[in-house]
Each structure stands twice: as structure tokens, then as C-alpha cells.
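Asks: sequence and predicted structure below; questions after.
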Amino acid sequence: MRQVVLYPGEDGYWVAECPSLPGCISQGKTKEEAIANIKEAVGGYVAALEEDNLLVPPERFETIVVAV
């Protein structure tokens, strides 16, 4: 299980980013598409690390919403 940050990009697409996996970012035309794409990206990222016998970083991020 990984935490994902989802936000609107400047180009109108939704961006999905997994902070605990550096560089693991995807996007989609809709939120649903971005979520589906990041799930695939996380799976591929972890599989590549395991294939190369590298350690998979632990999930270590917490997110909160702060009103300013």
C-alpha cells in the first residue's frame, strides 16, 4: 500500500505522484485515469527494483490538509 498525491496539472491533466518512490509519477485526463495509471506505475517500479535485487523503499510519508 502506498500513499499517492493527486493534483491538477498545468496542462489540464491530473497528476498522481507516489512520494515514497522517488520519480514515480503518472497522469491522466481524469482523476480515475490518473489513479489507474499510478497503480500501474507503482507496480512496475516495485517489480523493477525486485528484479534488480534492490530494496523497495518503505512507505514513510504521512499527509494532512492544512488550511491557510
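Replies: Cool, got the structure. Residues are numbered from 1 along each chain as shown.

Asks: you'd agree A16 is in a strand?
Replies: Yes - assessed by DSSP: H, G, I helix; E, B strand; the rest coil, A16 belongs to a strand.

Asks: what about it, how many neighbours?
Replies: The number of residues packed near A16 is 25, by other Cβ atoms under 10 Å. C-beta: built from backbone N, CA, C; applies to glycine.

Asks: now the nearest residue to it once chain neighbours are set aside, what's its secondary structure?
Replies: Nearest residue to A16, sequence neighbours excluded (Cβ to Cβ, 6 or more residues apart in numbering): I38, at 3.6 Å. At I38, secondary structure determined by three-state DSSP is helix.

Asks: what separation do you get for I38 and P8?
Replies: Distance of I38 to P8, computed by Cβ to Cβ, to the nearest Å: 15 Å.

Asks: and the closest residue to S26 other than its chain neighbours, how many neighbours?
Replies: Counting by Cβ to Cβ, 6+ apart, S26 lies nearest to N37, which is 3.9 Å off, once chain neighbours are set aside. As a burial measure, N37 scores 17 neighbours (other Cβ under 10 Å).

Asks: residue contacts, N37?
Replies: Contacts for N37 (Cβ atoms under 8 Å, 6 or more residues apart in numbering) come out as 16, 26-28.
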